[in-house]
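Visitor: Generate coordinates for the sequence data below:
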Amino acid sequence: MAAEPLEMGGKPAAYRSDIDGLRAVAVVPVVIYHLGVHAIRGGFVGVDVFFVISGYLITQVLIGDIEQGRFSILGFYERRVRRILPALLAVLAATAAVYFTVSLPDEFAEFSKTLLAAAASVSNIYFWLHAGYFDGTALTTPLLHTWSLAVEEQFYVLWPICLYLMYRFHRKHVLLLTAGAALVSLSISAVGAFTHPVATFYWLHTRAWELLLGSLLALNIVSSPLGAAARNALSILGIALIGGAVCLLSPDLPFPGLLALPPCVGAALIILSGRDGPSWVGRILSWRPIVFVGLISYSLYLWHWPITVLQRGGYLTLVPGQSGRIQNLAVIGASFAIAALSWRFIEQPFRTGPWRPSRRTLMRIAAAGTAVIAGAGIVGWSTGGFPARYSDQELRIAAVLSYHGRRYYRVHRCFLISSSERSDFAPECLSLAATKKNYLLLGDSHAADLWYGLDATFPAINFLQATAADCYPTVAHSLGERSYCTRLMDGIFQKFLIAHSVDEVVISARWTAAEMPRLSATLLWLKDRHIAATVLGPVAIYDGPLPRLMIIGARKGKPNAADSHWDYSLRQLDAQLAQVARNAGANYISMLDLLCRQSACLTTDDQGLPIYPDAEHFTGEGSLIVAQRLKDRGL
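Guide: Below you'll find the model as predicted:
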C-alpha cells in the first residue's frame, strides 16, 4: 500500500519512525496470510491498517497545503504519481511478462482483463464483478491485491477536492463534516457486510470510513495533549486490537463492517499515541529493522502476491519438491529481496536524488507506461490469450484446468462448500438402501472427489455422502475450525450414525499431523459403537495444477517432470495415519501405495489427459481409475 511520505506543503514534517514501523505491522500479516498460515487467518486486516495510515498522512499533507495557501491539485497528483506509479507499473509489466511465458491461453486472457483494470485503477470494481476476495479462484489471480490500490486511488481523486471545498466554504465544520461522512460510510459497511459482502469488501464508499478515520486524526479530533501514561496505554491497546484482529478474525466472518473497527481503531490509537511524544510501543516500532520493513512495505505488498501466486500455481518453481513450509519461506525470502531492490532502484529515484524526473517528464513517463500496460491488457484479452503458443494436445491438457466437478462431487447437495448455502446435507445424500450394503463416505473435498468413481465401480454398495470443504470428519473439534463444520459433523456422528445403521464408514480428508489425535478419537468412537471404518491416506499433492506442470515439463523435454513437484513429506504423514488407524482397529489404505511407485505417481488417464484438474483433486475419469484400484485392493 502507498502511504504518503511525511511531508507537508512540500516541506518535510517531523519524521515519525513509529509510523513506518506501523506499516511493517500492517504488511507482514498480509504476506503471511496470503501464504495460507492458519494461525494468521485474519492477516488480511493489514490492508485496513494501511488505509488508516494513508488517510492520516494524505490529509496531513493536504491540510498543510491548504492552510499555507499552496494547495495545487496538480501538485498533489504529482506526489501521488511519484509515490505509487513507478513500482506499480514495474510490477504489472514484470508479472505480465512472466505470466505470458508460463500461463495457458484462458489464464492469460483472464489475466489481461485484470491487467487493464489495474492500469485504469478500477480493479476493485472488476473483482467485485467477478470474484470475492476469499474465493478460491480469486486467490489464484496474480493482480488480486491491486483492488486496495484502486480504492486508495479513487479516494485520492475525490478527497482533496472535498477537503478543499470544505475549508473554503465550511471551515468551522470540516471536522464535523468529515466525521459525518465516516459514520455514514461505516453504517453502510456494517449493513453491507451481511447483505452484500463482496461489494462491501471492494467498494470505496464502504471503505472510505477507514481512510477518513486517519483523516480525523490529522484534523485533530483529539486535540488535548497526551501525557506519557496515556500514550503508553493507548499504544498498548492499539497494538492489542491489531494483534487480536489478525489472530481471531477469519474469512468466514462478515467483513469489513464493524469487524474492521478493531484493526482500524488500533492503528488510529498508535498514530495518536505517537503525536505528542514516544510510547513503549512506538519505541519498539521505531527499531531500525522494523522501520526498514515499513520503508519497503509498498514494494513488498506489490511484489509478494504475484510471487505467491506464481509459486503456488506451479508457474514459478523456487524450491521444487519441498514441503509447504519450505515453499513459504522461499516466497518470503524472494519477496523481501525483490521489495528491497524495488524500493532502492525504482521507488527512490523517482522521489529523491539526482535522477528525480521533472513534473513534465514524470507525467510523460506515467502516461506512456500506463498506455503500454493497458494496451497489453487489451491485446491479451482480445486474442484469447494467444492460444497459438500451444499445440493441440497441450490445449486439450490445458482444457482440464477448466474442469467442472459439480456433477461428480454433487456440489451444494452432498458436498457443501460454504456455510451460507445450506445448513445440512440434501436428503438423497444420506438415503439408506434396503437391498444393498450402505457405506458412508465422510470427509472434505478429498472424499467428495471419490464419490462418483465409487458409486459407479461398486454397484452392490450404496455410497452415502457427507462431505464439506475444509471440514475434518471428526468427533472432536478445535476452536479454530469453522463453526458450520462443527455443526455438520456433529449432525453426522451424534445424530445420523446413532439413529441409523451403516455397514462401514469410509473416511478421507486432507490430513495434517496436528489432526492425528482427533482422527484417533473418531476411530475409537466408531469402534466403541461397532461401526467398521476405513481410512484412506493422502494422495500426492503437487505444488501447482497438474495440467500446467505436465505442459511445462513436456515443453522442457521432461514428460515426467510432475514427479518432482509433489510433496514427498506426505510419505511420513501416510505412515502416521496408518499407525493411528491400526491402533484404533480400523482398516487403512495407502493412496500413495495405490497410485505411486517411489516418486512416480499416476498422472494421466487412458487418453493421456491429467487425472487432476488442479493440484490435488481427481477428475471424474480419475475418480473411476482410483475406485477400480480400491476395488482391486479389497475395499
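Visitor: what's the helix or strand for the nearest residue to L183 once chain neighbours are set aside?
Guide: In space, and not counting its chain neighbours, L183 is closest to W209: 7.3 Å by CB to CB, 6 or more residues apart in numbering. Yep, even glycine has a C-beta here, placed from its N, CA and C like the rest. W209 belongs to helix 204-218 when elements are defined using DSSP states H and E.
Visitor: Give me the mean pLDDT for that helix.
Guide: The pLDDT scores in helix 204-218 average 97.
Visitor: next helix or strand past that helix?
Guide: helix 228-248.
Visitor: which residues sit against that next one?
Guide: If you take CB atoms under 8 Å, 6 or more residues apart in numbering as the criterion, helix 228-248 is touched by 25, 29, 39-43, 45-46, 49, 226, 259, 262-263, 265-270, 272-274, 276-282.
Visitor: could you flag which of these are buried?
Guide: 25, 29, 40-43, 45-46, 49, 226, 259, 262-263, 265-270, 272-274, 278-279, 281-282 (16 or more other CB atoms under 10 Å).
Visitor: packing partners for the helix holding W209?
Guide: helix 46-67, helix 146-169, helix 174-195, helix 261-273 (3 or more CB pairs under 8 Å, 6 or more residues apart in numbering; DSSP states H and E).
Visitor: could you give the angle of that helix to helix 174-195?
Guide: 140 degrees (axes from the mean of the first three to the mean of the last three CA atoms, to 10 degrees).
Visitor: Could you tell me which residues within helix 204-218 count as buried?
Guide: Residues of helix 204-218 classed as buried by neighbour count (16+ other CB under 10 Å): 204-218.
Visitor: and those, which two are the farthest apart?
Guide: Using CB to CB, the two most remote members of the buried residues of helix 204-218 are T206 and A218, lying 21.5 Å apart.
Visitor: Span of stretch 598-607 from start to end?
Guide: End-to-end distance of stretch 598-607: 24 Å, with CA to CA, to the nearest Å as the criterion.
Visitor: Please compute how far that stretch lies from its chain's middle.
Guide: On the basis of CA atoms, centre = their mean, to the nearest Å, stretch 598-607 sits 30 Å off its chain's mean C-alpha point.
Visitor: again, but for stretch 231-240
Guide: 29 Å.
Visitor: what is the rounded mean pLDDT of that stretch?
Guide: 97.
Visitor: how about it as PDB, C-alpha atoms only?
Guide: Provided in PDB are the C-alpha atoms of stretch 231-240 (Å, rounded to 0.1, in the frame of the first residue of the first chain):
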ATOM      1  CA  ARG A 231       0.500   7.400  25.300                       C
ATOM      2  CA  ASN A 232       1.600   4.100  26.600                       C
ATOM      3  CA  ALA A 233      -1.900   2.900  27.500                       C
ATOM      4  CA  LEU A 234      -3.300   3.900  24.000                       C
ATOM      5  CA  SER A 235      -0.400   2.400  22.100                       C
ATOM      6  CA  ILE A 236      -0.600  -0.900  24.000                       C
ATOM      7  CA  LEU A 237      -4.400  -1.000  23.400                       C
ATOM      8  CA  GLY A 238      -3.800  -0.200  19.800                       C
ATOM      9  CA  ILE A 239      -1.300  -3.000  19.100                       C
ATOM     10  CA  ALA A 240      -3.500  -5.400  21.100                       C
END
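Visitor: so where do the strands sit in the stretch 451-600 of the chain?
Guide: 461-468, 504-508, 533-536, 587-589, 596-597, 600-601 (DSSP state E, counting those that start in this stretch).
Visitor: so the longest one versus strand 504-508, what angle?
Guide: To tie it back to what came earlier, the one meant is strand 461-468. For strand 461-468 against strand 504-508, the angle by the same axes, to 10 degrees is 40 degrees.
Visitor: Thanks a lot, see you next time.
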